[in-house]
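*Asks:* starting from these lines, generate the structure:
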Amino acid sequence: MNPDHGPLIYEGKAKRIFGSQKLEQVFIEFKNDATAFNALKHSELEGKGRLNCQISSCLFELLESEGVRTHYLGIANDTWMVAKRVQVIPLEVVLRNVATGSLCRETPIQPGTELEPALLDFYYKDDGLGDPLLTEARLKILGLVTPDQLLQIEQLARRVNELLTSFFEKVDLLLVDFKLEIGVNDAGELLLADEISPDTCRIWDKRSIDSNKRILDKDRFRKDLGGVVEAYEEILKRVQGATSNPRFYK
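*Replies:* Numbering: from 1, shown residues only. Next up, the predicted model:
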């Protein structure tokens, strides 16, 4: 049963955001849509929305327990999250611990190269432009964030990386890379927003040495490897085994 939400505010490729009777809150519905290459590839995968909602909720609660401020308030049911209303900065913040994907296509860096310290990249969030990589000079020209906010975002991203890398290590998972989005609340404070799931992270199974079988993230869909839902279920099983069940918001 869907929660008693307000009107649709925004619909993205993987989620819908609805208003609430409380102006400072929103309801987020996780969809079963699977997309890649800026939605040029699309499919419906039964159960995917539930898995991403549950994984994200557990990881948000884990981060909050370590002092990371997020937009997360709780879950309304298996596929709906309740969150603080924020203005999302049109910036994709990407942390890379191991070289793969676009980094290897665009540079001579060999796949599998460990990156120490983790490589931090910023992309302009705009599907029409192909989410281009931003230099520091371009960030300054666009004026998306102040210098102080940029420093806060880098510190936040590296703290999240530190916490998630350590957590996943304990359940035999390798956090290869991941994307974060940052929101600003009415008080001008930066909060971790969006989701943290196999849709936004590359996660490899350390129990497997096979280069394809170890993939437990959206790359299974991108590369037509199959078993996407099964891979997400494996991540949820390990995450839930090391955390408490996500809290329901009332």
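*Asks:* quick check: the most centrally placed residue in the chain vs residue 31, distance?
*Replies:* Closest residue to the average C-alpha location of the chain: residue 196 at 3.3 Å, with C-alpha atoms, centre = their mean. Distance, residue 196 to residue 31, by C-beta to C-beta, to the nearest Å: 17 Å. Any C-beta I mention is one placed from the backbone N, CA and C, and that applies to glycine too.
*Asks:* cool, and residue 201?
*Replies:* Taking C-beta to C-beta, one finds residue 201 at 18 Å from residue 31.
*Asks:* go on, residue 189?
*Replies:* Using C-beta to C-beta, residue 189 is found at 28 Å from residue 31.
*Asks:* ok, residue 197 next?
*Replies:* For residue 197, the distance to residue 31 equals 12 Å [C-beta to C-beta].
*Asks:* go on, residue 19?
*Replies:* Counting by C-beta to C-beta, the gap from residue 19 to residue 31 is 18 Å.
*Asks:* same question for residue 185.
*Replies:* 25 Å.
*Asks:* cool, and residue 250?
*Replies:* Distance of residue 250 to residue 31, computed by C-beta to C-beta: 24 Å.
*Asks:* those two - which one has more neighbours?
*Replies:* Taking neighbours as other C-beta atoms under 10 Å, residue 250 and residue 31 compare with residue 31 leading, 19 against 6.
*Asks:* quick check: the more buried one touching residue 49?
*Replies:* Yes: between residue 31 and residue 49 there is a contact under C-beta atoms under 8 Å: 5.1 Å.
*Asks:* now for those two: what residues contact both?
*Replies:* Residues touching both residue 31 and residue 49 by C-beta atoms under 8 Å, 6 or more residues apart in numbering: residue 14.
*Asks:* the helices in this structure, which residues?
*Replies:* With DSSP state H as the criterion, the chain has helices at 48-65, 102-106, 136-142, 147-170, 219-222, 228-242.
*Asks:* export the ones you listed to CSV and tack on mean neighbour count and mean pLDDT?
*Replies:* CSV is the format used below for those (neighbours: other C-beta atoms under 10 Å; pLDDT from 0 to 100):
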stretch, mean neighbour count, mean pLDDT
helix 48-65, 22, 98
helix 102-106, 13, 96
helix 136-142, 12, 95
helix 147-170, 16, 98
helix 219-222, 20, 98
helix 228-242, 18, 98
